[in-house]
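> give me coordinates for this.
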Amino acid sequence: MEVRKPKKIPYCLTNYESIRTENYVYVDKTRFIEQLENEQTKYHFLIRPRKFGKSLFLSVLRCYYDICYADKFDMLFGDLYIGQNPTPKRNTCFVIKFSFSGLNTGSVDEIKTSFAAAVRSSIDFFILDHKEIIKDYEEKMKELGMLKDVRAYIEFAFKIIKGLKGKAFIIIDEYDHFANDLIAQGTNLSVEQYKQLIWANGVVRDFYETLKDNSETAIEKIFITGITPIMLDDITSGFNISKNISVDVRYNEILGFTEDEVQSLIDASGIDKTKIKIDIKFLYNGYLFHAEAKNKLYNPSMIMFLLDQLSTTESEIERIIDYNLKTDYSRIKMLLNKTSNTYELENIIEYEQVASEVIERFSIEKLHEPKNFLSLLYYMGLVTIGKDETGRIHLLKIPNYSIKTMYWEYMENMITEQNPAMVYNPRIIYESLIKMTYNGDYQVFFDHFQQNFVSQLSNRDLENFSEKNIKFLLLSILFQSNFYLPLSETENSRGYSDIYLQRRDDLFPNIITDWVWELKYIKQSDVNNFELIRAKKAEAAEQLLRYKNSNLFKDRKDIRYLSILFIGKKEHQIEELKD
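Residues are numbered from 1 along each chain as shown. Next up is the predicted model:
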């Protein structure tokens, strides 16, 4: 019997032809090609978070529909669903791909120039890709060089295609990239720049109007991808012919991996399953793009990052988070200029969910409204769709632990920006956690925390300070460490523990204990209220005892329980629950 050679992991690869011809594993999503082709509408729009497989899917569409790939059909698709069930439009179109990432957003003129250059470059590549069919392609390149604007570039390409008695398949990748860059700048000037480009006779509006004007005569299909719906409202009057499939339950699985697909990846790549010592479902799963969808999805880049490490190293994996996935903090910060949005973000971080539905489209002028802010977090992949226990109330939830770590990094940035006197010294924190982890000496860590964080808060900050703020400070630090998986508000049969530190057996097998911490805080004005101090300690001890006897922790001898009482700015008292 022939032994199959294990396939390689295509981490960060988006070229479908390379994946299929160079022994990389591919998760078959081609059934969605048939589904899209059977839609009444020919023009489709899909929003998904960064690094969720959009560019690869566009590459699949190009290889399937472009006439210049016709002789490679069996090699690229023969053993896949669409190869066994080909559609009438396979390899019948001239694909033109536009990508609007990397535009210069310094000024309106610079955006106009780089946008036009991106369009011109796309037409250049279209001609070169089809030079075997466009016999006088060199002359066509010279003619293109004489043209000066976006509309002329596009209509020139359509003229070529019509002359060949064909139709175009238009692919637009990252349609909103430059708009997101402007939004991240968070200034009134950037909003005005956006309006000049999109509204009235802006160059972006002109681009989409040109496509619409030629939709009946020159275009067979259009497929557009992006991260946010911000431009949808603003380009509607110029381009109102596309169907948004982003929240259509039938397309929940068009990108991302189901549980079964992840297992097929592992099997095809020949990875030893015994090497997977982490809970990948806990770390990477959880995405839903419709409340009624059947399967939750893994972020494909997260999984590929993990499997790439497992397939290329014999040692324990050191990183579980792909740094390429991290959303720029400046984008979050810009959205927090409303107090209500900061409140919503803190609630999500603390409770890991919020009651809200997804808004399908909104303009840049309504970007900061709380409901739109929450929807933007969804589109960025920082929350996902869910329901409460009754199944009736729609929620937005943090999808997995990897995303949770990003939130706590944002929180650490927010806290230190607002309190510049705080000293975040990674080396000292690491050394103090080493002592706690391997020697059980937690005092050094909390002394450093008290001195360099809590005591640096201004009296004004302390007016509204509470246990929640202490927890935010602690977790924002603990999430920077690999020793433990910090869990906030862990539910058990006896309540919710403030902080549960679950040791990382996969990386540090010699850690002998988990930790459960109950936090209490007494305001500066009550530092001499000894009755209150005793009451807080008793309350913490009673809560720890309940957690210890809960179904989650009962009979476990590998957990230590601490009550930590912070008294004003300068003092803390720690008591350990003993057997």
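> how about the contacts made by Ala157?
Ala157 makes contact with 96, 123, 126-127, 168, according to CB atoms under 8 Å, 6 or more residues apart in numbering. Every residue, glycine included, has its C-beta placed from N, CA and C.
> farthest pair in these?
Between any two of those, the greatest separation by CB to CB is 12.7 Å, found for Ile127 and Ala168.
> which pLDDT does the model give the most centrally placed residue in the chain?
By CA atoms, centre = their mean, the chain has its centre lying nearest to Gly381, at 3.6 Å. Here, the pLDDT recorded for Gly381 equals 91.
> likewise for the one 4 residues further on?
According to the prediction, Ile385 has pLDDT 93.
> hang on, it packs against Leu396?
Yes: the pair Ile385 / Leu396 is scored as a contact, 6.8 Å apart, by CB atoms under 8 Å.
> intersection of neighbour lists for the two?
Common contact partners of Ile385 and Leu396 (CB under 8 Å, 6+ apart): 358, 378.
> picking that back up, who has more neighbours, Ile127 and Ala168?
It is Ala168, of Ile127 and Ala168, that has more neighbours when counted by other CB atoms under 10 Å, with 25 against 19.
> burial measure for Ser455, as a count.
By other CB under 10 Å, neighbour count at Ser455 equals 14.
> list the contacts for the closest residue to it other than its chain neighbours?
Distance criterion CB to CB, 6 or more residues apart in numbering; nearest residue to Ser455, sequence neighbours excluded, is Lys569 at 4.8 Å. Shown in contact with Lys569 (CB under 8 Å, 6+ apart): 454-455, 457, 462, 524.
> which one of those residues has the most neighbours?
Val454 (23 neighbours).
> which helix is the longest one in the protein?
Ranked by residue count, the top helix of the chain under DSSP state H comes out as helix 108-129.
> how far out from the middle of the chain is that one?
28 Å (CA atoms, centre = their mean, to the nearest Å).
> and it, what does it pack onto?
Secondary structure elements in contact with helix 108-129, counted by 3 or more CB pairs under 8 Å, 6 or more residues apart in numbering; DSSP states H and E, are strand 94-99, helix 137-145, helix 150-163, helix 188-198, helix 203-213.
> quick one: closest of the ones you listed to Ile499.
Set against Ile499 and scored by CB to CB, the helices and strands packed on helix 108-129 come closest in helix 188-198, at 38.9 Å.
> returning to what we had before: can you put the helices and strands packed on helix 108-129 in a markdown table and add mean pLDDT?
Shown next, in a markdown table, are those (pLDDT from 0 to 100):
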| stretch | mean pLDDT |
| --- | --- |
| strand 94-99 | 96 |
| helix 137-145 | 93 |
| helix 150-163 | 95 |
| helix 188-198 | 70 |
| helix 203-213 | 88 |
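> closest to Leu76 out of those?
Using CB to CB, the nearest of the helices and strands packed on helix 108-129 to Leu76 is strand 94-99, at 13.9 Å.
> now do the closest one against helix 203-213, angle only.
Put simply, strand 94-99 runs at 160 degrees to helix 203-213, going by axes from the mean of the first three to the mean of the last three CA atoms, to 10 degrees.
> return the helix or strand in the chain with minimum mean pLDDT.
The least trusted helix or strand in the chain, going by mean pLDDT, DSSP states H and E, turns out to be helix 459-462, with a mean of 63.
> so for the contacts of Lys569, which is the shakiest by pLDDT?
Lowest pLDDT within these is found at Leu462 (63).
> now do the contacts for Phe305.
11, 322, 324.
> from the residues you listed, keep the buried residues only.
11, 322 (16 or more other CB atoms under 10 Å).
> adding pLDDT, write the contacts of Phe305 out as CSV.
Below are the contacts of Phe305 laid out as CSV (pLDDT from 0 to 100):
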residue, pLDDT
Tyr11, 92
Asp322, 77
Asn324, 75
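> do you know which of the helices and strands packed on helix 108-129 lies nearest Phe45?
helix 203-213 (11.4 Å).
> measure Tyr430 to Phe445 for me?
Separation of Tyr430 from Phe445 (CB to CB, to the nearest Å) stands at 10 Å.
> nope, Ile171 is what I was after
Taking CB to CB, one finds Ile171 at 52 Å from Phe445.
> same check, this time on Asp136
On the measure of CB to CB, Asp136 and Phe445 end up 73 Å apart.
> which one's more surrounded, those two?
Higher neighbour count among Asp136 and Phe445: Phe445, with 21 against 11, using other CB under 10 Å.
> contact partners for the nearest residue to Ser107 once chain neighbours are set aside?
Spatial nearest neighbour of Ser107, excluding adjacent residues (CB to CB, 6+ apart): Gln193 at 7.1 Å. Taking CB under 8 Å, 6+ apart, we find Gln193 in contact with 105, 107-108, 111, 182.
> format the CA atom coordinates belonging to the longest helix of the chain as CSV.
Provided in CSV are the C-alpha atoms of helix 108-129 (Å, rounded to 0.1, in the frame of the first residue of the first chain):
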residue,chain,number,x,y,z
VAL,A,108,-6.4,63.3,0.2
ASP,A,109,-4.1,63.9,-2.8
GLU,A,110,-1.8,61.1,-1.7
ILE,A,111,-4.7,58.7,-1.3
LYS,A,112,-6.1,59.7,-4.7
THR,A,113,-2.7,59.2,-6.4
SER,A,114,-2.0,55.8,-4.7
PHE,A,115,-5.6,54.6,-5.3
ALA,A,116,-5.4,55.4,-9.0
ALA,A,117,-2.0,53.7,-9.1
ALA,A,118,-3.4,50.6,-7.5
VAL,A,119,-6.1,50.5,-10.1
ARG,A,120,-3.6,51.0,-12.9
SER,A,121,-1.4,48.3,-11.5
SER,A,122,-4.3,45.9,-11.4
ILE,A,123,-5.1,46.5,-15.1
ASP,A,124,-1.4,46.1,-15.9
PHE,A,125,-1.4,42.6,-14.3
PHE,A,126,-4.7,41.7,-16.0
ILE,A,127,-3.1,42.4,-19.4
LEU,A,128,0.1,40.5,-18.6
ASP,A,129,-1.8,37.6,-17.0
